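J.: Could you work out the structure for the sequence below:
(2 chains)
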Amino acid sequence: MTVIDQRPESSPQASGGDVRGTERMWVQMFRVFLSNKIAVLSALYCIGVVLFCYVGPLFYHSNQTDASSSILYTNLPPQKGFPLGTDYLGFDILGRLMFAGQSSLELGFLAALISLVVGVGYGVLSGYRGGWLDALLMRIVDVMLSIPGLFLLLAVISIWGRSKTLLILVLGLTGWFGDARLLRGEAIALRDREFAQAVRAMGGGSGRIIWRHILPNTVSTMMTVATFALANSILALTSLGFLQLGIPLPETDWGTMIQFGSQNFQIGCWWQIYPVCILFLLLVISFNYIGDAMRDMFEVRLRER
Amino acid sequence: MTILSIQNLRTQFAMRAADVVAVDDVSIDVEAGECIGIVGESGCGKTTTGLSIMRLLPGNGKVSGGKILLDGKDLALLSEKDMQGVRGNTVALIPQDPMTSLNPVMRIGDQIAEGYLIHRGASKEEARQRALEVLRMVEMPNPEERLNQFPHELSGGLRQRVMIAMALVCEPKVLIADEPTTALDVTIQAQILDILDNLRVELNMAVILITHDMGVIASRTDRVIVMYAGKVVEGADTKTLFTKMHHPYTQALLSSVPKIEDVAGGRLSSIPGLPPDLSKTIVGCRFAPRCAYATDECRENEPPTEIAGEGHTYACFHPTNGFTPVEVQINEARKVVDAVEPLMKVTNLVKEFPIRGSNIFRGSVGKVSAVADVNFEVRKGETFGLVGESGCGKTTIGRLITGLEEVTSGKIEFTHTKTDGLKKGELRRALAQERQMMFQDPYASLDPRKRVGDIIREPLEIQKRLSKTQMNDRVTQLLSEVGLPLAAAERYPHEFSGGQRQRVGLARALALEPSLVIADEPVSALDVSIQAQILNLMQDLQESRGLSYILISHDLAVVRYIAHRIGVMYLGKLVEVGPADEVFSRPFHHYTQGLLNAVPVADVEIARTKRGDQMKGELPSAVNPPTGCRFRTRCPVAAAVCANEEPPMVELSPGHTAACHFPLGGTPVTIGSQDK
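T.: As a prediction, the model looks like this:
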């Protein structure tokens, strides 16, 4: 045992030391997503559905437009030539699933996009500005939220009719109230964080704080909100279709298919309702799982341990 | 008599990647009636040791080895139900944060009585009587009234008394106090620690005091256990540990604590590097990578625990022999700061926050007087320290100077920047070149979604004065100035340790080459060894760049160490301003004296002699501040004149002013109508 009495010569200039080398943030986030098996499965399913709707028709040709020639084949059960049977107009169900899926997905996506943009803008503005503007904007949201969404949709559609564009606008503009509230909360919390204040101290203005600091930090909320919004708008469109207020013929969507299928279900045409319902149900569930996984994914910086 | 014996305790947490052994082979014996301190940096396992005893580990943690013998009964083997009979009954815990540890919708009396009802099977009335009794024991003012109050009606100090009362209600044999005063001001800390001390003697209770504060350890404990990276590295009675420590970590830890009685201007010795990552397998001595004495032997073998004397153990191959005081290098440049060229001047600064009513029209129903008529100046190249209890307005002054709050009235002027006639945006940018802020919380002050390079570049982008290459050069230069590798620019804040983040914060503050940096509690969130690194860095940069700092801190030792002049604030008022050495050695204001008395000193001899004589009471509300001198409600010498007349700032010795009718060490100041 050696006893050292003297401290060694003063240590060299204290340095901050090395930075722990971890992987890039995106790689890390992707890893977290992959660790959620059910979300990966859901994502695969969603990709599958999109491919099915858009690529499927290139390989699987079926009559979806000519009602005069299809009339010979109404309400046929699954058989050779019609793997999933036909509907009340004689259109092939498998092909129809793809055809209806295109409009359902498109409408859902565009409507979700609109509601996300409006909701984020409205919420962040309200939260960041605060004061009387916040109070006013949020009371408006309260009023809108107190009206059941479906009634609002029905009212607008029965007044202005139902074209594809109008449906997108209406679905998008009635879906953002909840998102706005969520984003407002985020904005309030971020506005008072020290890094936002630091921008102020270095002479930056509100625009920079909102664009460069608040919005990027709400990405996790935005992604989650977006996935749920997508599921919700497809769901809302389906409800409209079920109430016979969906996309008018000759086009169609999944909701309209379910509507007609449910009528013929009573006369035993199960093939008109099971495939579309299962496809759709699984899609909505998948979106929800993906939304959950997204939330975990963006929290990665909090639990990198 | 040994009441609690921890033998070879091992606690581990199951993490995503691997198991982390947070407490490894820890043995501690606790005698009845003694106060044993566990000290170490964050992450060393001191809190986990406490939680293991209580078996209150979070879901992914478990005691995976060793014994916890309480009166010969192994707590590690008890069923959850039997353990419930132990918690709060024979072993009790005082948690760190009194603000979040009380149920906000339950009356104080009921919360205290709860433990008594559970363990003693007492009737409601008996439990209430008992609650009242323990509230008296913790010297709660107006205990009868408090029984029916809710937690939000109490201040932090009073809430911590309630927490102690709750812990004591069943007269436990062992009390675990986990950083019981870290969230409190020094004056309140001293009161709480006194209460704990008295009760320990009165009830012959063993107290395990877990803390990072060497001052608290020196003044309150009988024995100390020093932990590092989950292991006990040294254990001894307090006096031996502070004078004849054997482990280099203990020595390094003690020498990195700034001491209030030190000669100002010395360099703090800091421990280079960071504690090891416990999720990895560690070979050899855990402190070896940071140890100045480490040899190959240390890096290959784990040192066994050796016995040095009665109750003194250590684990080191190359023990040091006692405390070798670090050579104090008086910084010449710092001494020369008698420069009087003023840089910034604050005149009659007032800030009032309106209290808004709850209805939609938001009428103002009152105001909080946060800063009331404050005057001071900061000179070029000096550090001006602002000290005071929380709520005294020191942070508000920092925010006013940085432009984060609008002044209610008064002026903040920079000598070199003419602000007249500038538009709002121009003014903001012009002032940003004069002063920058270094924030308190190294975690909240950096945008988690930005790379460090972009964070440091941001002020340059806002100012738009440099080309892209120039900006990149500036970032590179700043990174090396604050001691970070160049690769840091590409990384995100979550990959940095607390101390490193604070370096990034400093680099960002310096990007615009301001003449003044306002540092609001820059090191209060850091461990002492890291704290020393940052303070040294701040001094180096001051020297090389001729910077001025306003250092806002509640830690008098830190301020004493780095500041040239000091301003003491009390409830929105500046009560004393003077050269650091003078304010600390010959304070004029009774409040300054009270603060100095309350600071725990990391030296056993001094700490033991300065007990008692503590400031009483708590900070009054700033909504209705006391008339006249705002300190009179807590002042030992307050007289009628103090209530009627506000004492003016008077220069009592050259460059040293104070606002008091009866200054310490001098004759009363006679002014105006005071002669009665």
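J.: make it CA atoms for all contacts and neighbour counts henceforth
T.: Will do.
J.: Quick check: which ranges of the chain have low pLDDT?
T.: Reading this off chain A. A:1-25, A:67, A:299-305 (pLDDT under 70).
J.: Can you look at chain B instead?
T.: For chain B, the ranges with pLDDT under 70 are B:260-266, B:322-339, B:356-364, B:419, B:607-614, B:666-676.
J.: For chain A, what is the nearest residue in it?
T.: Nearest residue of chain B to chain A (CA to the nearest CA) works out as B:S445 at 4.1 Å.
J.: Run a quick neighbour tally on that residue.
T.: B:S445 is flanked by 22 other residues according to other CA atoms under 10 Å in any protein chain shown.
J.: shouldn't it be in contact with A:R191?
T.: No. Using CA atoms under 8 Å, B:S445 is not in contact with A:R191; the gap is 11.8 Å.
J.: Tell me how far A:S126 lies from A:G205.
T.: Per CA to CA, to the nearest Å, A:S126 is found 17 Å from A:G205.
J.: hey, C-alpha coordinates of the strand or helix carrying A:T221 in PDB?
T.: Per DSSP states H and E, A:T221 falls inside helix A:219-242. Written as PDB, here are the backbone C-alpha positions of helix A:219-242 (Å, rounded to 0.1, in the frame of the first residue of the first chain):
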ATOM      1  CA  VAL A 219     -44.200  17.000 -34.300                       C
ATOM      2  CA  SER A 220     -45.000  14.100 -32.000                       C
ATOM      3  CA  THR A 221     -48.400  15.400 -31.300                       C
ATOM      4  CA  MET A 222     -48.900  16.300 -34.900                       C
ATOM      5  CA  MET A 223     -48.100  12.900 -36.100                       C
ATOM      6  CA  THR A 224     -50.300  11.200 -33.600                       C
ATOM      7  CA  VAL A 225     -53.100  13.700 -34.400                       C
ATOM      8  CA  ALA A 226     -52.600  13.100 -38.100                       C
ATOM      9  CA  THR A 227     -52.900   9.300 -37.900                       C
ATOM     10  CA  PHE A 228     -56.100   9.600 -35.800                       C
ATOM     11  CA  ALA A 229     -57.400  12.300 -38.100                       C
ATOM     12  CA  LEU A 230     -56.900   9.900 -41.100                       C
ATOM     13  CA  ALA A 231     -58.800   7.100 -39.400                       C
ATOM     14  CA  ASN A 232     -61.500   9.500 -38.300                       C
ATOM     15  CA  SER A 233     -62.200  11.100 -41.700                       C
ATOM     16  CA  ILE A 234     -62.300   7.700 -43.400                       C
ATOM     17  CA  LEU A 235     -64.700   6.600 -40.600                       C
ATOM     18  CA  ALA A 236     -66.800   9.800 -41.100                       C
ATOM     19  CA  LEU A 237     -67.000   9.300 -44.800                       C
ATOM     20  CA  THR A 238     -68.100   5.700 -44.300                       C
ATOM     21  CA  SER A 239     -70.800   6.900 -41.900                       C
ATOM     22  CA  LEU A 240     -72.000   9.300 -44.600                       C
ATOM     23  CA  GLY A 241     -72.000   6.600 -47.200                       C
ATOM     24  CA  PHE A 242     -74.000   4.400 -44.800                       C
END
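J.: Any residue of it touching chain B?
T.: No. Using CA under 8 Å from any CA of the partner chain, helix A:219-242 stays clear of chain B, coming no nearer than 9.7 Å.
J.: Remind me what that helix packs against, helices and strands.
T.: Packed against helix A:219-242 by the contact rule (3 or more CA pairs under 8 Å, 6 or more residues apart in numbering or on different chains; DSSP states H and E) you find helix A:93-129, helix A:164-174, helix A:177-191, helix A:254-265, helix A:274-298.
J.: one step back: of A:S126 and A:G205, who's got more company?
T.: Set A:S126 next to A:G205 and count neighbours by other CA under 10 Å: A:S126 wins out with 25 against 15.
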